[in-house]
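> can't give you the sequence, but here's the structure:
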């Protein structure tokens with residue numbers, strides 16, 4: 001006999017998370033909606049020197065919602081390691097039935113909810129969108145652990161429907177301001193840029209020019225209610241991070257305090273607060289492998305400093 005399915009508030013929270021960012025893996029769902037249990041299991045696994053493999057509840061709940069047509073599971077392409085191919089975990093998206101249920105249960109307009117219509121999608125586009133979801137899940141889980149709420153989150157699929165464009169003298173066409181996500185934290189507006197290592201240096205130069213122009217544009221305050229912002233760049237490697245930072249520094253004529261950088265592997269609830277880097281005035285660097293490219297220096301930084309009582313690091 002099939003196990004009886006009883007819809008819970010947590011189930012609706014999972015559906016709403018997918019409406020926010022479109023794609024998540026089961027691990028991301030676990031970070032978000034079983035974060036206390038996950039963190040305890042993660043700590044126990046690290047103390048034992050093993051990998052945390054206890055997302056059983058998240059898998060069971062996701063499977064139950066998939067069976068009832070509320071969620072879709074999308075197979076990702078194989079990831080080629082050094083000597084073998086390994087299968088990447090499937091990602092989840094909101095099905096039409098899940099969107100309809102969420103809208104009715106949470107009194108939300110259905111037209112405001114994104115859900116997957118099984119449209120053909122390029123693998124790179126899917127991975128980019130999943131990168132946004134991973135960032136959202138890691139940051140929101142860490143904020144929840146420390147007693148905070150992720151405020152003002154808007155993802156790219158919403159931002160691209162209504163945005164500002166700026167004019168730059170050296171570029172012959174308007175440049176749109178469409179980050180991959182935006183949110184506020186401790187009164188600061190953040191714009192997120194997920195880099196998959198495929199954007200040319202010229203594209204990053206134009207992004208830097210656009211953000212520089214937008215920082216002086218009155219429409220920034222009209223739309224977001226702030227006079228300044230910080231751009232968070234997530235890149236696949238240290239080498240790529242340095243290349244992007246160098247391109248941005250060339251636009252600004254040196255280090256810019258507008259940007260923070262994070263290597264993709266650090267997009268994780270236990271690392272996302274404290275593993276950032278920022279540009280600084282370049283110091284003398286020894287030549288050789290691993291040296292920072294001339295014109296830019298990166299130093300460690302945190303996204304925010306926890307207040308007393310927020311929890312252990």
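Looks like it arrived, so ask away. Since the model is a prediction, treat every value here as computed from it, not as a measurement.
> now the strands: where do they sit in the protein?
Here the chain has its strands, by DSSP state E, at 71-74, 79-80, 85-86, 91-94, 151-155, 165-166, 175-176, 181-185, 188-194, 229-235, 259-263, 276-280, 297-301.
> rank these by mean pLDDT and give me the bottom one.
Mean pLDDT is lowest for strand 79-80 among the strands of the chain, at a mean of 58.
> First-to-last residue distance for stretch 222-241?
31 Å (CA to CA, to the nearest Å).
> what sits up against that stretch?
By CB atoms under 8 Å, 6 or more residues apart in numbering, the residues outside stretch 222-241 that reach it are 131, 135, 164, 179, 182, 188-197, 211, 215, 220-221, 244, 258-264, 267, 276-277, 298, 303. To be clear about C-beta, it is placed using only N, CA and C from the backbone, and glycine gets the same treatment.
> Counting neighbours, which of those residues end up buried?
With neighbours counted using 16 or more other CB atoms under 10 Å, those contain these buried positions: 131, 135, 164, 179, 182, 189-195, 211, 220, 244, 258-264, 267, 276-277, 298, 303.
> mind checking the longest helix of this protein?
helix 123-145 (DSSP state H).
> List the buried residues in it.
126-145.
> same deal with stretch 103-121?
103, 113, 114, 115, 116.
> Nearest to residue 204, out of those: which one, please.
residue 114 (27.4 Å; CB to CB).
> Does the closest one touch residue 22 like I think?
Yes: counting by CB atoms under 8 Å, residue 114 does reach residue 22; the two are 5.7 Å apart.
> list residues touching both of these two?
In contact with both residue 114 and residue 22: 94, 157, using CB under 8 Å, 6+ apart.
> Could you dump the buried residues of stretch 103-121 into a markdown table with pLDDT added?
Converted to a markdown table, the buried residues of stretch 103-121 look like this (pLDDT from 0 to 100):
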| residue | pLDDT |
| --- | --- |
| 103 | 97 |
| 113 | 92 |
| 114 | 90 |
| 115 | 89 |
| 116 | 83 |
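> for the nearest residue to residue 154 once chain neighbours are set aside, what are its contacts?
Residue nearest to residue 154 in three dimensions, not counting chain neighbours: residue 182, with 5.2 Å by CB to CB, 6 or more residues apart in numbering. Neighbouring residues of residue 182 by CB under 8 Å, 6+ apart: 152, 153, 154, 159, 189, 190, 191, 192, 224.
> and the gap between residue 182 and residue 167?
Distance, residue 182 to residue 167, by CB to CB, to the nearest Å: 21 Å.
> ok, now residue 278?
Taking CB to CB, one finds residue 278 at 28 Å from residue 167.
> Residue 245 too?
For residue 245, the distance to residue 167 - CB to CB - is 25 Å.
> repeat for residue 267
Distance from residue 267 to residue 167, by CB to CB: 34 Å.
> Spatially central, which residue of the chain would that be?
residue 135 (2.6 Å; CA atoms, centre = their mean).
> so that one touches residue 192, yeah?
Yes: the pair residue 135 / residue 192 is scored as a contact, 6.3 Å apart, by CB under 8 Å.
> Give me the common contacts of these two.
181, 234.
> ok so, going back, which non-adjacent residue is nearest the residue nearest to the centre of the chain?
That would be residue 267: by CB to CB, 6+ apart, it lies 5.5 Å from residue 135.
> who touches the one you found in this structure?
Neighbouring residues of residue 267 by CB under 8 Å, 6+ apart: 131, 134, 135, 138, 234.
> again, only using 7 Å
Residue 267 sits next to 134, 135, 138, 234 when contact means CB atoms under 7 Å, 6 or more residues apart in numbering.
> and what of residue 57?
residue 34.
> Need the per-residue pLDDT for it.
With respect to pLDDT, residue 57 has a value of 86.
> What distance do you get for it to residue 29?
10 Å.
> give me the low-pLDDT residue ranges for the stretch 201-313 of the chain?
282-294, 308-313 (pLDDT under 70).
> mind running it again at 80?
Scanning the stretch 201-313 of the chain for pLDDT under 80 picks out 281-295, 307-313.
> Helices of that one, residue ranges please.
Assigned by DSSP state H, counting those that start in this stretch, the helices in the stretch 201-313 of the chain fall at 201-214, 218-224, 238-252.
> Tell me which of the ones you listed lies nearest to residue 51.
Closest to residue 51 of the helices of the stretch 201-313 of the chain is helix 238-252 (CB to CB; 23.8 Å).
> And the closest one, what's buried?
240, 241, 242, 243, 244, 245, 246, 247, 248, 249, 251.
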